[in-house]
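Q: take a look and give me a structure for this.
(chains A and B)
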Number of protein chains: 2
Amino acid sequence: MVSAQQNPAEMSGGESREEILQAAAELFMEFGYAATSIDAVAQRLGATKGRIYHHYRSKADLFFDVQVAAMTRLTDQIEPIARSSGDAVERLSAMALRHTQILLKELPMQKVAVQGLERHLLEASAAAKRLRSVVKMRDDYEQMFVEVIDDGIRAGSFVDLPARLLSKPFFGALNWATVWYSQRRLQSEAAIDDIAHTLAAYALRGLLKDSNDEAARATPLFQYHLG
Amino acid sequence: MVSAQQNPAEMSGGESREEILQAAAELFMEFGYAATSIDAVAQRLGATKGRIYHHYRSKADLFFDVQVAAMTRLTDQIEPIARSSGDAVERLSAMALRHTQILLKELPMQKVAVQGLERHLLEASAAAKRLRSVVKMRDDYEQMFVEVIDDGIRAGSFVDLPARLLSKPFFGALNWATVWYSQRRLQSEAAIDDIAHTLAAYALRGLLKDSNDEAARATPLFQYHLG
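A: Numbering: from 1, shown residues only, chains lettered A, B, ... in the order given. Below you'll find the predicted structure:
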């Protein structure tokens, strides 16, 4: 279980932060927050409780860090696409596809992040402040999509409704995968990619004023099922 | 809190089953299953614990009945539309709209039902059998949509992909409202209806092969924002 890490402290003894986050995300996903304990995370890793406490003081810490890690991965991948040149349809189709690929490939972590914070946790004062910072990360992330949707509305490609309202079913079409999709060990990369393309193309079609929009037809996303 | 019910036993003493389900659904939604107790339900209703136990032996019973009640309402409303005459686009647009209106208007109960059963509950042996029957209700409900989507694919209105796969982002666009939407007390019926139309029209557009599909343009759903 001990992987080769750059940090020597992690090589000699403890589980890496990455492994801990992954195991914790799996347990939060399977059993919920209330039913998950630091003990259970240690057990899943075949480690002692102490090794987990070396990195995290509490379950709330761990829950917080899973969400930060998940949001950071999404943002790191999506931000360069959002800021690239290219028209709105092209950028949004690439963003939708990448977002969905990450969701499907990193399901446990993304499920915890995407389905939002359980409200009773937010209200527990100790965790409240840090969890608000995760909410902020997610708001900023969603805002990148809202702005590109707005670009597409102004360009006349997308239906003329408020961009923020349109972003709701758009994310729904994609993020609902965290409810229905279950990772099967033997599902091939190609099969996962096929699902990601189908979901992202659906989400784009929902926005398009005219499904024969030239820019849309030219994207790799819409070429996918034709190619 | 005691409402006039037809059942005299309920008039003289207890809260109605309906009121109990509503209060329980609100608590499950706000605090999750683990953090909700029969005691809390009684408190919210200003009733004694005994009155709740008169109807429900356990929290699992109550959780089960909330889901059955929610699925029954959806099925009762949607089944006649699914079985009506009319082409697939017309039926599916009416089904999507009604489904979304019920979701938004009965948020606590529908949220508990729609977001699915927490897996650890299903695995608890005592509740497993009955919860499987709720899963069956939801499968049957979703199957009605899958069949109408399939009709639309055969008729050439919807994109040519497996109907079951297409039903996933379709439900996602609608059901994600149980994640982002929060009932505000003063939100008007008209405002709720506006959101329901926007979500349902988005979900339909995601399926359409050609957004200028004549049958789609003729539905009240697509006329809504034009009218």
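
Q: so which residues of chain A form strands?
A: Assigned by DSSP state E, the strands in chain A number zero.

Q: can you list the domain ranges for it.
A: The record's domain parsing of chain A by automatic domain parsing lists A:1-56, A:58-223.

Q: can you lay out those domains as a markdown table showing distance to chain B, mean neighbour count and mean pLDDT?
A: Yep, even glycine has a C-beta here, placed from its N, CA and C like the rest. Below are the domains of chain A laid out as a markdown table (distance: least, Cβ to the nearest Cβ, whole Å; neighbours: other Cβ atoms under 10 Å in any protein chain shown; pLDDT from 0 to 100):
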| stretch | distance to chain B | mean neighbour count | mean pLDDT |
| --- | --- | --- | --- |
| domain A:1-56 | 4 | 17 | 77 |
| domain A:58-223 | 3 | 18 | 89 |
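
Q: among these, which is nearest B:Met109?
A: Closest approach to B:Met109 among those (Cβ to Cβ): domain A:58-223, 17.0 Å.

Q: straight-line length of that closest one, end to end?
A: Length of domain A:58-223, first residue to last, Cα to Cα, to the nearest Å: 48 Å.

Q: distance between that domain and the chain's centre?
A: When C-alpha coordinates are averaged (Cα atoms, centre = their mean, to the nearest Å), domain A:58-223 and its chain have centres 7 Å apart.

Q: circling back: can you list the domains of chain A in JSON lines and add distance to B:Glu19?
A: As requested, the domains of chain A are arranged in JSON lines below (distance: least, Cβ to Cβ, whole Å):
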{"stretch": "domain A:1-56", "distance to B:Glu19": "26"}
{"stretch": "domain A:58-223", "distance to B:Glu19": "23"}
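
Q: of the ones you listed, which is nearest B:Arg205?
A: Using Cβ to Cβ, the domains of chain A put domain A:58-223 closest to B:Arg205, at 4.8 Å.

Q: I'd say A:His55 and A:Glu18 touch.
A: No - judged on Cβ atoms under 8 Å, A:His55 makes no contact with A:Glu18 at a distance of 10.5 Å.

Q: spatially nearest residue to A:Asp150, not counting backbone neighbours?
A: Closest residue to A:Asp150 apart from its sequence neighbours, by Cβ to Cβ, 6 or more residues apart in numbering or on different chains: A:Ala163 at 3.9 Å.

Q: list the contacts of stretch A:142-158.
A: With Cβ atoms under 8 Å, 6 or more residues apart in numbering or on different chains as the contact definition, stretch A:142-158 has outside contacts at A:78-79, A:82, A:87-89, A:91-92, A:95, A:159-161, A:163-164, A:166-167, A:170-171, A:207-209, A:213, A:215-216.

Q: tell me which of those fall in helices.
A: Applying DSSP state H to those, the entries found in helices are A:78-79, A:82, A:88-89, A:91-92, A:95, A:163-164, A:166-167, A:170-171, A:207, A:215-216.

Q: I'd say A:Ala69 and A:Leu21 touch.
A: Yes - counting by Cβ under 8 Å, A:Ala69 touches A:Leu21, with 5.4 Å between them.

Q: now do the shared contacts for these two.
A: Residues touching both A:Ala69 and A:Leu21 by Cβ under 8 Å, 6+ apart: A:Met109.
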